[in-house]
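Enquirer: Build me a model from this:
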Amino acid sequence: MGSCDTGPLLAVGVVLVVIRRSGSDDFEDLGPSRLLDEKSPLDESDGAMAVDAPRPDDERQIRAVLEDRAAALRAKDASQYVSSFDPSVVKFDLAPPLQESGPSVLDPAGLQWWLDTWDGDISHELAGLTIAASGDVAFCHSLNHIKGTRTDGERQDMWTRSTLGLRKIGGVWKITHEHNSAPFYMDGSDRPALDLKP
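Expert: Sure thing, here's the model as predicted:
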């Protein structure tokens, strides 16, 4: 199969499963996956994997990681914030580039610069936090609300979407993947929809 067309894509009701071949820029299309809805209940006969609720101790530890990150953000402490990442972390964030990994994510300088553009307190909350864990792997997702005043006087009040992948390494939960996003208006303006609220 040749290289992947990078033209604009719009997925409506179908998720395409694509695998990147190791060591190449070629992709293999594995076909459409089923969209789950009320008419198609999630059960193991559909090939879905049932995930047990996380053990209370694991959930408590993961929540502590997330609470420490929120406290670090509110305190504008980038070094504390990035300490939750494993060195193997891969991050898809709101700001460019499309993907960051390893040392550039672990360096607090860029995040500290951004935190310093806020005047006074930064309000940060997680809504709808869901945690799923099994063994030494977990993921969670939430809607994140950040609010405050920038150093230029602009008031910021926005909701974003966040998904985290975690691994329990040496008995400690570390973030190995972070994906933050915001929807955008598909009216031709391509404006980020930062004004949406849950």
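Enquirer: Return the list of strands paired to the longest strand anywhere in the chain, each annotated with direction.
Expert: Determined from DSSP state E, the single longest strand within the chain is strand 118-134. Using DSSP bridges, strand 118-134 pairs in its sheet with strand 137-150 (antiparallel).
Enquirer: residues in contact with the partner strand?
Expert: For strand 137-150, the external contacting residues (C-beta atoms under 8 Å, 6 or more residues apart in numbering) are 54, 58, 62, 66, 73, 117-133, 155-168, 173, 180, 198. In this view, the C-beta of every residue, glycine as well, is placed from N, C-alpha and C.
Enquirer: Among the residues you listed, name the buried ones.
Expert: Neighbour counting with 16 or more other C-beta atoms under 10 Å marks 54, 58, 62, 66, 73, 118, 122, 124, 126, 131, 133, 158-162, 164-168, 173 as buried within these.
Enquirer: got a pLDDT number for residue 49?
Expert: Residue 49 is assigned a predicted lDDT (pLDDT) of 44.
Enquirer: Helix or strand: which one has the nearest residue to residue 93 once chain neighbours are set aside?
Expert: Distances taken as C-beta to C-beta, 6 or more residues apart in numbering put residue 180 closest to residue 93, at 5.2 Å, once the chain neighbours are dropped. Element membership of residue 180, judged by DSSP states H and E, is strand 172-181.
Enquirer: partner residues bridging the residue nearest the centre of the chain?
Expert: The residue lying closest to the centre of the chain (C-alpha atoms, centre = their mean) is residue 179, at 2.4 Å. Taking DSSP bridges as the rule, residue 179 bridges to residue 92, residue 163.
Enquirer: Let me know whether it touches residue 163 as I believe.
Expert: Yes: assessed by C-beta atoms under 8 Å, residue 179 is found in contact with residue 163 at 4.7 Å.
Enquirer: got a list of contacts for the top helix by length along the chain?
Expert: Ranked by number of residues, the top helix in the chain under DSSP state H is helix 56-74. Here helix 56-74 makes contact (C-beta under 8 Å, 6+ apart) with 53-54, 78, 80-81, 84, 115, 121-126, 129, 131, 133, 138, 140, 146, 164, 166, 168, 172-175.
Enquirer: CA atoms of the helix or strand just after it as CSV?
Expert: Using DSSP H and E, the helix or strand that follows helix 56-74 in sequence is helix 78-82. Provided in CSV are the C-alpha atoms of helix 78-82 (Å, rounded to 0.1, in the frame of the first residue of the first chain):
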residue,chain,number,x,y,z
ALA,A,78,5.6,23.5,35.5
SER,A,79,8.3,21.3,37.1
GLN,A,80,5.8,19.6,39.4
TYR,A,81,3.3,19.3,36.5
VAL,A,82,5.7,17.4,34.2
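Enquirer: May I see the buried residues of helix 78-82?
Expert: Buried residues in helix 78-82, counted by 16+ other C-beta under 10 Å: 78, 81-82.
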